[in-house]
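Enquirer: Quick one: sequence and predicted model below, then my questions.
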Amino acid sequence: MDWIYGVHAVQTMLKASPQRVIEVHMQVGRTDDRLQKIHNLVEKHGIHKQLVGVKKLDSRVSGSHQGVIALCRPGVALDESLLLKLFEQYGSQIFFLILDGVTDPHNLGACLRSADGAGVHAVIIPKDNAVGLTPVVQKVACGAAESVPLVPVTNLTRTIKKLKSLGIWVVGTTGNAGQTIYETNLSGPITLVMGAEGVGMRDLTTKQCDFLANIPMKGQVESLNVSVATGICLYEIRRQRSFGKKSA
């Protein structure tokens, strides 16, 4: 069981999976509208609530709790079988994101938030050498950790091969690519692959991609933070799906 914290994370959990919430602790004396909405959801679902001082909240979690924390049961473990079910449901519109070894929970949380906004059907991560769904990730994701499935897989290369066998195109991102993300046709069923902080995609992952693309850099820095780069690429896919491809 984990304590999740922050207004958006707790509110989304109460909306999406109230059965997982064991109890909610709220800061005594807070009467703002955002916490009132959480109070109403707690009352609606009959969940135990405690009003506590800010020091007790601080002792439970290490991040900015915004006056509310919730003790939650673990969610249902997700695996590769979900990817096939999603493909059967969405077909040619399927949209996956693979994060190849992201280790910073703030980056994973931000990527989940962007994935939710862009309409990604699932985010895929390796089980080893990558951050999983921690309370920090849930806080940074602002509710997206509950709305976008996070699927850990044992062998990322094998998973990519399975996706390709379904007719899903796999585009990887690397600064060495010969075309930009804006010049690349990103329509149809697609999986976007983003590399880890600093090192990018692993060689094995790169070799499995159908094609590679880069984000053009016009300044002095060589690369962007992975969560920023992910947002740019996800929304270029979203744009092309909505308005068609147009080269930069």
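Expert: Good, I have the coordinates.

Enquirer: Break this protein into its domains for me.
Expert: Domain segmentation of the chain under automatic domain parsing yields 2-72, 81-243.

Enquirer: Check the offset of whichever helix or strand residue 241 is part of from the chain's centre.
Expert: Here residue 241 sits within helix 226-243, counting by DSSP states H and E. In terms of Cα atoms, centre = their mean, to the nearest Å, the centre of helix 226-243 is found 14 Å from the chain centre.

Enquirer: Quick one: mean pLDDT for that helix?
Expert: Regarding helix 226-243, the rounded mean pLDDT is 94.

Enquirer: the helices in this protein, which residues?
Expert: Using DSSP state H, the helices assigned to the chain run over residues 7-16, 33-45, 54-60, 81-90, 105-118, 135-141, 144-147, 156-165, 203-208, 226-243.

Enquirer: quick one: the fifth one to helix 7-16, angle?
Expert: Per axes from the mean of the first three to the mean of the last three Cα atoms, to 10 degrees, the angle that helix 105-118 makes with helix 7-16 is 50 degrees.

Enquirer: got the buried residues for helix 105-118?
Expert: Neighbour-count burial for helix 105-118 flags 105-116, 118 (criterion: 16 or more other Cβ atoms under 10 Å). The C-beta positions use only the backbone N, C-alpha and C, and glycine is treated the same way.

Enquirer: What helices and strands are in contact with that helix?
Expert: strand 95-100, strand 122-126, helix 135-141, helix 144-147, helix 226-243 (3 or more Cβ pairs under 8 Å, 6 or more residues apart in numbering; DSSP states H and E).

Enquirer: wait, what's in contact with the residue nearest the centre of the chain?
Expert: Geometric centre of the chain, nearest residue: residue 112, 1.9 Å, by Cα atoms, centre = their mean. Counting by Cβ atoms under 8 Å, 6 or more residues apart in numbering, residue 112 makes contact with 123, 137, 140, 141, 144, 145, 148, 150.

Enquirer: Just put those residues in CSV and tack on distance to residue 95.
Expert: Formatted as CSV, these follow (distance: Cβ to Cβ, whole Å):
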residue, distance to residue 95
123, 10
137, 21
140, 21
141, 18
144, 14
145, 18
148, 11
150, 15
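
Enquirer: out of those, who's nearest residue 96?
Expert: Using Cβ to Cβ, residue 123 is the member of the contacts of residue 112 that lies nearest residue 96, at 7.6 Å.

Enquirer: Cool, thanks, signing off.
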